[in-house]
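J.: next comes the sequence, and after it the predicted model I'd like to discuss.
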Amino acid sequence: MTVVSAPGKVYLFGEHAVVYGEPAVPCAIERRATVTVEPRADSHVRVEAQDLTLDGFAVEYADSADDRPDVDVPKPLLDAATGYVDAAVEQAREAADAPDAGFDIEVDSEIPLGAGLGSSAAVVVAGIDAATRALGEPLDRRELADRAYKAEYDVQDGQASRADTFCSTMGGAVRVEGDDCTRLATPALPFVVGFDGGAGDTGQLVAGVRSLRDRYEFAADTVEAIGDIVREGESLLAAADPDSDPSAELIGEIGELMDINHGLLSALGVSSRSLDTMVWAAREAGADGAKLTGAGGGGCTVALDATDETETSLQYTPDCEQAFRAELATEGVRVERS
């Protein structure tokens, strides 16, 4: 039995624009997906999903989707629990040169599905790492991040970026621009996350931005402006001491850029009433900055506030189902048991 966990993430800046080659800065957070893998004697894959903010279930199937049983769960739930796991299994089989390998897989996640916190990336990263280790063919982190990206790319019909999977693999704050991925040395920023209990359709939201960008020059300019925000934020982070607590001045400047980033994402049509409500609740509580994180349409916001005021305010905001402080996960994917 091999047990591996990988962290979720929040976007400090750059979601959506990163799809078009602009830079983005996601930060790993200590909310983890844990994947347990046990090799089987046959080529079947059995997936048991727990704590995915959905009812748990188990399903077993062979290689072909046609072989999957008609289980008594909603199709979106089945797809969410198996689609990314399928892709992770295929990458692990290819990496280990074991095309007929079968597995019993258990997924236990603290990260809400589809909420903008990188749940799918964390499951894919942990799944590939656990499966290849179980087959005796562990991967170095660069190859693991690359294979995890390929898995997400296939599942998301070519609309994935490397940001989520690289961040979950490496941990900490990272910079992603196209295929160029690097880890950043940054101080631990005081993240507060609000979750509205919903989930956006990433593919639909990305396609919507693409349509706007293709039809309107101002939308293309908006995407580029998000890239400019990222570059400005990078320069602020680069000048900070990563081993010290961030200064109030740094948090204020980063927060201002987050506010602008949220406004631009709203202009691209990817925010929602609940996300905007949580953003404004955070700002009115004294947060230095707040924005949606991830694809949008519902899910999560991230704010900067070293006090308890934002978390408390969000807990009493009607559109917020859950609020929590999120520490920077300096360690990315890790083996919990082997």
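T.: Cool, got the structure. Numbering: from 1, shown residues only.

J.: for the protein, what spans make up the helices?
T.: 75-96, 119-134, 141-155, 163-170, 202-215, 217-238, 248-267, 273-284, 309-315 (DSSP state H).

J.: the second one to helix 163-170, inter-axis angle?
T.: Between the direction of helix 119-134 and that of helix 163-170, the angle (axes from the mean of the first three to the mean of the last three C-alpha atoms, to 10 degrees) works out to 40 degrees.

J.: could the helices of the chain go into a markdown table alongside mean neighbour count and distance to Leu328?
T.: C-betas here are computed from N, CA, C, even on glycine. As requested, the helices of the chain are exported to a markdown table (neighbours: other C-beta atoms under 10 Å; distance: least, C-beta to C-beta, whole Å):
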| stretch | mean neighbour count | distance to Leu328 |
| --- | --- | --- |
| helix 75-96 | 20 | 24 |
| helix 119-134 | 30 | 15 |
| helix 141-155 | 21 | 18 |
| helix 163-170 | 30 | 11 |
| helix 202-215 | 16 | 24 |
| helix 217-238 | 17 | 12 |
| helix 248-267 | 18 | 13 |
| helix 273-284 | 21 | 18 |
| helix 309-315 | 21 | 16 |
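
J.: turn the ones you listed into TSV, including mean pLDDT and distance to Val333.
T.: TSV is the format used below for the helices of the chain (pLDDT from 0 to 100; distance: least, C-beta to C-beta, whole Å):
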stretch	mean pLDDT	distance to Val333
helix 75-96	80	12
helix 119-134	95	5
helix 141-155	94	7
helix 163-170	95	5
helix 202-215	91	22
helix 217-238	96	23
helix 248-267	97	26
helix 273-284	97	29
helix 309-315	97	28
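
J.: quick one: furthest residue from the center of the chain?
T.: Here the centre of the chain is the reference, and by C-alpha atoms, centre = their mean the most remote residue is Ala41, at 33.0 Å.

J.: next one: that one from Gly227, what distance?
T.: Using C-beta to C-beta, to the nearest Å, Ala41 is found at 50 Å from Gly227.

J.: Gly14 too?
T.: Gly14 is 7 Å from Gly227, by C-beta to C-beta.

J.: what is in contact with these two at once?
T.: The contact sets of Gly14 and Gly227 overlap at 22-23 (C-beta atoms under 8 Å, 6 or more residues apart in numbering).

J.: any buried residues in the lengthiest strand in the chain, and which?
T.: Ranked by residue count under DSSP state E, the longest strand found in the chain is strand 25-40. Judged by neighbour count (16 or more other C-beta atoms under 10 Å), strand 25-40 contains these buried residues: 25-37.

J.: what mean pLDDT would you report for that strand?
T.: Averaging pLDDT along strand 25-40 gives 95.

J.: which pLDDT does the model give the closest residue to Leu250 other than its chain neighbours?
T.: With C-beta to C-beta, 6 or more residues apart in numbering as the criterion, Leu250 has its nearest non-adjacent residue at 5.4 Å, and that residue is Ala240. On pLDDT, Ala240 comes in at 93.

J.: same question for Gln50.
T.: Gln50 is assigned 67 on the pLDDT scale.

J.: picking that back up, check contacts around the residue nearest to Leu250.
T.: 186-187, 246-247, 250.

J.: again, only this time at 10 Å
T.: 185-187, 189, 246-247, 249-251, 254 (C-beta atoms under 10 Å, 6 or more residues apart in numbering).

J.: swap in His262?
T.: 13, 271, 275-276, 279, 283, 289-293, 296, 301-302.

J.: Pro7 too?
T.: 27-33, 110-111, 117-118, 121-122, 125-126, 167-172, 326-334.

J.: now swap in Trp280 and tell me
T.: With C-beta under 10 Å, 6+ apart, Trp280 has these contacts: 287, 290, 301, 317.

J.: give me that answer again for 6 Å
T.: Residues near Trp280 by C-beta atoms under 6 Å, 6 or more residues apart in numbering: none.

J.: please apply the same query to the one 10 residues further on.
T.: For Ala290, the contacting residues are 279, 282-283, 301, 303, by C-beta under 6 Å, 6+ apart.

J.: most widely separated two among those residues?
T.: Arg283 and Thr301 (10.4 Å; C-beta to C-beta).

J.: nearest to Thr132, of the contacts of His262?
T.: Thr293 (29.5 Å).

J.: measure the closest one to Pro242 for me?
T.: 22 Å.

J.: pretty sure Glu38 sits against Asp104.
T.: Yes. Glu38 is within contact range of Asp104, at 4.4 Å (criterion: C-beta atoms under 6 Å).

J.: overlap in contacts of those two?
T.: With contacts taken as C-beta under 6 Å, 6+ apart, Glu38 and Asp104 have no neighbour in common.
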